[in-house]
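> return a 3D structure for these sequence lines:
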Amino acid sequence: QVQLVESGGGDVQAGGFLRLSCVASGTVFSINGMSWYRQGPGMSRELIAQILDGGSTYVADSVKGRASISRDNAKNAVYLEIHSLKLGDTAVYYCYADGVKVSPHDYYGADIWGKGTMVTVHL
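Model (predicted):
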């Protein structure tokens, strides 16, 4: 079974910096897209950044200019960095993987969500 485990959340001061990590465990040959979503209080879950296997990235307007996404394919890991944190960045941050292969010819069969990590930005 393939699982995603996020880390790096916690309480952060406004204006500060945050780095989240997500690692896929289990039998993983490759992953097409790795993404970060977040869900703030009373809000729907939103995509904030995505990086494809080839390195192409997308960053949502809500964090553009403050956030970057990167990945380490050898570690099946994806990272999210956000600086100049705002109170509105308070949310549960979820890692998401799609196009997961367990061998050169076999897909895992489902996209995968992590359980999420809470980030609270305070004054």
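> would you mind checking which helix or strand in the protein has the lowest mean pLDDT?
strand 106-107 (a mean of 94; mean pLDDT, DSSP states H and E).
> residues in contact with that strand?
Contacts to strand 106-107, defined as CB atoms under 8 Å, 6 or more residues apart in numbering, come from residues Phe29, Gly99, Val100, Lys101. Quick note: C-beta positions are derived from backbone N, CA and C, even for glycine.
> now which of these would you call buried?
Buried subset of those (neighbour count, 16 or more other CB atoms under 10 Å): Val100, Lys101.
> quick check, Lys115 in a strand?
No - counting by DSSP: H, G, I helix; E, B strand; the rest coil, Lys115 is located in no strand; its state is coil.
> hang on, it packs against Cys22?
No - with contact defined as CB atoms under 8 Å, Lys115 and Cys22 do not form a contacting pair (10.5 Å).
> of the two, which one has the most company?
Just comparing Lys115 and Cys22: by other CB atoms under 10 Å the higher neighbour count belongs to Cys22, 25 against 11.
> so where do the helices sit in the protein?
Using DSSP state H, the chain contains no helices.
> in it, where is pLDDT below threshold?
Within the chain, no stretch has pLDDT under 70.
> the same query, at a cut-off of 90, please.
Applying pLDDT under 90 to the chain flags the ranges 109-110.
> Phe29 is in contact with Ser103, correct?
Yes - the criterion here is CB under 8 Å, and Ser103 meets it with Phe29 at 5.3 Å.
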